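**Q** what follows is a predicted protein model with its sequence.
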Amino acid sequence: MDTDAHDRRTDTVDESRLVSALKAGNDGAFETLVRTSSPRLLGVARRFARSDEDAQDILQTAYLNAFRALRKFEGQSQLSTWLHRIVVNTALMKLRTQRLKPEESIETLLPAFRADGHHVEQLRDWSVPADALVAQAETRATVRGCIAQLPEAYRSLLLLRDIEERSTRDVAEALEITPAAVKTRLHRARQALSTLLQRRYAAMGVTSPAVAASK
């Protein structure tokens, strides 16, 4: 998961005192929470949302959900981690309400083969996983841009499994599908992402993410 200047800002806040103040209904504590955590959490929401308006809506709903659940927070994890999970779960709930249109196909992004068994599209095969690429500041924007091009069902699954690093069982429960379906769709999502990345870098005239990062 990403770490940035906003994460470090939250370190200056005494978390135990902040939580106590929040549970006591202190308005100033809530303002502090929003001020220090919003930039990072909005970034999390934007991964799942298709628009900035949707991301803002997810974040506002997540804060309301967190406020209502504060009594259940016992400090077994960091407050930032707890909020992060609430934002992701809120985003998933919003996505479930939008599942009215037919699921998009990714067949055109999956490997195609000739009659002789060779790939139709001859592009370099990279073994760098999505989470490793996202961790590299130089390639982060490119990888996220390609992930955003994936159909909703595959994009959410890839984000949960590779970026959020949730288990197959957790992802299955979150998306309301079977673990077997998670594994199958994840494999296809990774293949599709690889195709998108290869095409993007080929258009840039480079042969690998490492070369792109050095330019």
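**A** Perfect, I can see it now.
**Q** okay, helices next: where are they in the protein?
**A** 5-10, 15-23, 27-48, 52-69, 79-97, 130-135, 137-148, 152-158, 168-175, 179-204, 209-214 (DSSP state H).
**Q** looking at it, A189 is touching L157, isn't it?
**A** Yes: taking Cβ atoms under 8 Å as the definition, A189 is a contact partner of L157 at 5.8 Å. For glycine as for every other residue, the C-beta is placed from the backbone atoms N, C-alpha and C.
**Q** and E107, which of the helices of the chain is closest to it?
**A** Of all those, the one in closest proximity to E107, counting by Cβ to Cβ, is helix 179-204 (9.2 Å).
**Q** now for that closest one, which elements pack on it?
**A** helix 130-135, helix 137-148, helix 152-158, helix 168-175, helix 209-214 (3 or more Cβ pairs under 8 Å, 6 or more residues apart in numbering; DSSP states H and E).
**Q** deepest-packed of the helices of the chain, please.
**A** Mean neighbour counts were taken over the helices of the chain using mean count of other Cβ atoms under 10 Å, and the top value, a mean of 21, falls to helix 152-158.
**Q** with respect to I106, which of the helices of the chain lies nearest?
**A** Closest among the helices of the chain, using Cβ to Cβ: helix 179-204, at 4.5 Å.
**Q** helix 137-148 and that closest one, what's the angle between them?
**A** 120 degrees (axes from the mean of the first three to the mean of the last three Cα atoms, to 10 degrees).
**Q** distance from the chain centre to helix 179-204, please.
**A** Here helix 179-204 is found 15 Å from its chain centre; the criterion is Cα atoms, centre = their mean, to the nearest Å.
**Q** got the angle for that helix vs helix 168-175?
**A** 90 degrees.
**Q** ok, back up a step: could you export the helices of the chain as a markdown table, including mean pLDDT and distance to E107?
**A** A markdown table is the format used below for the helices of the chain (pLDDT from 0 to 100; distance: least, Cβ to Cβ, whole Å):
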| stretch | mean pLDDT | distance to E107 |
| --- | --- | --- |
| helix 5-10 | 44 | 39 |
| helix 15-23 | 88 | 47 |
| helix 27-48 | 92 | 24 |
| helix 52-69 | 94 | 27 |
| helix 79-97 | 90 | 22 |
| helix 130-135 | 56 | 20 |
| helix 137-148 | 78 | 17 |
| helix 152-158 | 89 | 12 |
| helix 168-175 | 92 | 20 |
| helix 179-204 | 87 | 9 |
| helix 209-214 | 49 | 25 |
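**Q** right, I'll call it a day here.
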